[in-house]
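>>> Following is a predicted model, sequence given first.
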Amino acid sequence: MAEEELLSKEEMEACGLEEDQVLVLKRCFDGFADEEGAIPADNVGSILSMMGMKFKPLALREIIEDIDEDGSGLLEFGEFCQLAAKFLVEEDEEALKKELKEAFRIYDKDQLGYISTETLKEILREIDNKLTEEDLEGIIEEVDEDGS
């Protein structure tokens, strides 16, 4: 089955998912979906746990309420992808933070406890070349506690 048949390009972009992630999600979804091609919202937490995703039950409930647009208590594949994407993106952010800490240690050669914002931008570009200047400024603003 081609990826395009699972989600449209627009849906994948909106969720922030890659084609290989959509395929993995489809396999998981199909293993639990009923005859009508939906998963009861109550089962989603167990499925995400089996996939190795970490979440807080309250956060999951709130996301399900937002995503289950028709209020049926059943999640169709597109809704399941929207939900899973929120946790996949969060894991990517954790990985990025870990990489940033290691990069900081490497680039703080003089062990002064700081690196210049320009050096930080170079590091961030190496980690993710898709970051825009606006993204870089936002990250720096978030981590530069004293504005120096």
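All right, it came through fine.
>>> Okay, Phe80 and Ala41: tell me how far apart.
Distance, Phe80 to Ala41, using C-beta to C-beta, to the nearest Å: 10 Å. Backbone N, C-alpha and C define where each C-beta goes, glycine included.
>>> Then Met50?
On the measure of C-beta to C-beta, Met50 and Ala41 end up 16 Å apart.
>>> Those two: which has the busier surroundings?
Between Met50 and Ala41, counting by other C-beta atoms under 10 Å, Ala41 is the more crowded of the two (21 against 11).
>>> Next up, phi/psi of the more buried one, please.
Here is the backbone geometry of Ala41 (degrees, to the nearest 10): phi -60, psi -30.
>>> pretty sure it is in contact with Asp66, am I right?
No: with contact defined as C-beta atoms under 8 Å, Ala41 does not reach Asp66; the gap is 11.6 Å.
>>> Secondary structure element for Glu11, which one?
helix 9-15 (DSSP states H and E).
>>> tell me which strands and helices that helix is in contact with?
Under the contact criterion of 3 or more C-beta pairs under 8 Å, 6 or more residues apart in numbering; DSSP states H and E, helix 9-15 touches helix 77-107.
>>> Where does the prediction get shaky in this protein?
1-5, 89-96, 100, 103-104, 148 (pLDDT under 70).
>>> Look through it and report the residue furthest from the middle.
Relative to the mean C-alpha coordinate of the chain, counting by C-alpha atoms, centre = their mean, the farthest residue is Asp110 (34.4 Å).
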